[in-house]
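**Student:** A predicted structure for the sequence below; I have some questions about it.
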Amino acid sequence: MKQIGVGVVGYGMSGEHHCNFVNQVEELKLEALCEPVDVLREKAKADHGMKTYTSLEEMLEDAAIELVVLSTPHHTHAPMAIQVLEAGRHVMVEKVMCLNVQEADDMMAAAKKAGRTLTVYHNRRLDGDYLTARQVIESGDLGEVYRIEVACNYYGPHTGWRTKMHLGGGFIYDGGSHIIDQVVQMAGCRAKTVFADIQRRVWTDTMDTDTASLITVRFESGLVAVFDISSIAWHKKHRWLMLGEKGSFMKQDWEEDPGYIETRVADLPARIEVEAIKRDWLPTYQKLADHLLNGADLWVKPEEVRETVKIIQGAFESDKTGQSVEILDW
């Protein structure tokens, strides 16, 4: 059986996660890790018995590597992905894809020129809460959905490079990029305008990143999405609230607790419990292997993820100006 040689760059929490998943897909072979930090590189070698390199340039000289997974700080995604593509390798970039629309366009142009695959690790498209909410929309039970509110709340400071805005730190680029991507998939059309209030509170002595943000996006269809993204939330909001002309859907948490639909049956209020779908992230890698080996449709297309990057960039611009920003034609 043909196997695709995989090299992972970075062995922090995400890098270890990627190595473990690669090892579970028959069509993929974990060949090597690139990690400049000695202790992490040695840990990776002990965990997986693979080759290790200290630089991306060195790894790209290894002919066995056909796919590179970038699990590195956000500000490195665009330059590293372009370097990998220009070396004739496929690349999967951790979310967030990059920091702005220009970087996204440069990455896509490099992929087209090289004739190689560029994709993004949006594994949370397989989260149970999102799939449950999407299933409810597609059922038609809510009628036309005109508003979606989704929250990503917790309490705790960032660490390491995630405390620095210029490195792509902060929670909007992190957990926020996942929920924005999820709603972009639900909307199925382009974002038109964005308005954002982005606050930096509590850990301002060690961080210059966002800690409490409210982002409102209007899509071409008229759908309005509200994202509550906070790392200083002592009390979590509901994960999902979807309002439709015939009913509403609420799911409290992002784990496997049930959600419920509030609607009317024969003009009487009715609550319908919705069984939660279970999360399974492994197909993210299986789908990529099927694309590379069998020509299956690419599951996470960079053109789609560009829309998420566009919304994030628009949110930061809106916060600076205090005005709603037109992003339709960005």
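**Tutor:** Arrived safely, thanks for sending. Numbers count the residues shown, from 1 in each chain.

**Student:** going forward, measure contacts and count neighbours with C-alpha atoms only.
**Tutor:** Fine.

**Student:** per-residue pLDDT, the residue nearest to residue 277 when sequence neighbours are not counted?
**Tutor:** In space, and not counting its chain neighbours, residue 277 is closest to residue 128: 4.6 Å by C-alpha to C-alpha, 6 or more residues apart in numbering. As predicted, residue 128 sits at a pLDDT of 85.

**Student:** likewise the one 3 residues further on?
**Tutor:** At residue 131, the model reports a pLDDT of 87.

**Student:** residues contacting it?
**Tutor:** Residue 131 sits next to 125, 277 when contact means C-alpha atoms under 8 Å, 6 or more residues apart in numbering.

**Student:** helix or strand for it, which one?
**Tutor:** Assigned by DSSP states H and E, residue 131 falls within helix 128-139.

**Student:** buried ones in that helix?
**Tutor:** Neighbour counts using 16 or more other C-alpha atoms under 10 Å place 128-133, 135-137 of helix 128-139 among the buried residues.

**Student:** and if you look at stretch 317-330?
**Tutor:** 317-319, 324-325, 327-328.

**Student:** then stretch 100-114?
**Tutor:** Counting neighbours by 16+ other C-alpha under 10 Å, stretch 100-114 gives 100-101, 103-104, 107-108, 110-111, 114 as buried.

**Student:** same thing with stretch 2-10?
**Tutor:** 4-10.

**Student:** now do the same end-to-end measure for stretch 319-330.
**Tutor:** Using C-alpha to C-alpha, to the nearest Å, one end of stretch 319-330 lies 17 Å from the other.

**Student:** ok so, going back, partner strands of the helix or strand just after the helix holding residue 131 and their direction?
**Tutor:** Where DSSP H and E defines the elements, the next helix or strand beyond helix 128-139 is strand 145-153. The strands beside strand 145-153 in its sheet (DSSP bridges) come out as strand 224-230 (parallel), strand 240-244 (antiparallel).

**Student:** which other residues reach the helix or strand immediately after strand 145-153 in the chain?
**Tutor:** With elements assigned by DSSP H and E, the helix or strand that comes after strand 145-153 is helix 177-187. Residues outside helix 177-187 that contact it (C-alpha under 8 Å, 6+ apart): 95-96, 122, 124-125, 130, 134, 148, 150-152, 190-191, 219, 221, 223, 225, 227, 305, 307-309, 311-312.

**Student:** which element is residue 193 on?
**Tutor:** Using DSSP H and E, residue 193 sits in strand 191-199.

**Student:** so how far is residue 287 from residue 297?
**Tutor:** Distance check for residue 297 against residue 287: by C-alpha to C-alpha, it reads 8 Å.

**Student:** ditto for residue 225
**Tutor:** Residue 225 is 28 Å from residue 287, by C-alpha to C-alpha.

**Student:** give me the more crowded residue out of those two.
**Tutor:** Taking neighbours as other C-alpha atoms under 10 Å, residue 225 and residue 287 compare with residue 225 leading, 22 against 16.

**Student:** surely the more buried one and residue 196 touch.
**Tutor:** No - using C-alpha atoms under 8 Å, residue 225 makes no contact with residue 196, being 11.7 Å away.
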